[in-house]
Structure formats: C-alpha cells, structure tokens
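K.L.:
Take this sequence and fold it.
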Amino acid sequence: QMQLQESGPGLVKSSQTLSLSCTVSNGSIPTNVHFWSWIRRPPGKGLEWMAGLSSSGDTVYSPSVVSRTSISGDSSKNQITLQLRSVTPEDTAVYYCVMGSVDWYFDYWGQGTQVTVSS
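P.N.:
Numbers count the residues shown, from 1 in each chain. Sure thing, here's the model as predicted:
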C-alpha cells in the first residue's frame, strides 16, 4: 500500500532553516492526486495548514508563514520538500505531508515527523 514518509532533522536551533522531505513509497502516486500540502500540529493545539503545491506547479501559503516558507516538488523522485526559515520554538510541532485530489486535498496522510526547535 502506498505510503507517505516524512523525514527531517528532529531538532533544530532557533533562527535556523528547517528542511523537511516527503517521499512516496510502496507504490505509485494515485492518478487523481492533484495537490500536496504540509500541515503541522503544535503541542496541545490543532492542525495548521502551512503550504500547498498543485500538480501544475502552483504554490499557495498560509499568511502566517508565507514570508519564510517554501514548498517544492521533484516528480522524478516522487518527493516534495518544505523549507521553513528563521524558526523559533513556536515552530515546534509534528509536521505532516498530505496529498489529495481535486475534490478533497487531504486524502492521504503521512505519519508525521516531530520537529523540536530549541531556543
């Protein structure tokens, strides 16, 4: 069964750049997949959508992170990445890679990767 697998450093220091990757494994990307997202859940809080990338290459960002976030994709590797610059402890969260169809952007979820930002 197809899986999304996030990977990241686990621990980063304040002011550094966080880089996360998401790779598809154990199968091919479903043909109806149109949109990729990064979503995070800070400790004790709800899910926060951060950034999205469409199959046509369009990107969209949450206003809360737009000034320091970049999302990109590499179709040859079935991989998307997220860069979050100038991190602070408030960026500590579990980060999820999500993909979906035109009808629902959130069909498939990775297990998430914990990121802790130290001050």
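K.L.:
For Val115, the count of nearby residues, please.
P.N.:
Neighbour count for Val115, taken as other Cβ atoms under 10 Å: 21. Every residue, glycine included, has its C-beta placed from N, CA and C.
K.L.:
And His34, by the same measure?
P.N.:
17.
K.L.:
Kindly report the same for Gln3.
P.N.:
Neighbours of Gln3 using other Cβ under 10 Å come to 13.
K.L.:
now Ser75
P.N.:
When counting by other Cβ under 10 Å, one arrives at 10 neighbours for Ser75.
K.L.:
Am I right that Gly100 is in contact with Asp107?
P.N.:
Yes - in this structure, Gly100 is within contact of Asp107 by Cβ atoms under 8 Å, at 4.0 Å.
K.L.:
Please say which of these two ends up with more neighbours.
P.N.:
Between Gly100 and Asp107, counting by other Cβ under 10 Å, Gly100 is the more crowded of the two (19 against 15).
K.L.:
what's near enough to touch the more buried one?
P.N.:
Residues near Gly100 by Cβ atoms under 8 Å, 6 or more residues apart in numbering: 33-35, 37, 106-108.
K.L.:
Just give me the residue right at the centre of this protein.
P.N.:
For the chain, the residue nearest the mean C-alpha position is Trp38 (2.7 Å; Cα atoms, centre = their mean).
K.L.:
which residues touch the host helix or strand of it?
P.N.:
In the assignment (DSSP states H and E), Trp38 maps to strand 35-41. Strand 35-41 has contacts (Cβ under 8 Å, 6+ apart) with 20, 22, 47-55, 71, 73, 80, 82, 93-102, 105-106, 112.
K.L.:
any idea of the mean pLDDT in that strand?
P.N.:
Here strand 35-41 scores 97 as its mean pLDDT.
K.L.:
Same question for stretch 61-81.
P.N.:
Stretch 61-81 shows a mean pLDDT of 94.
K.L.:
Good, wrapping up.
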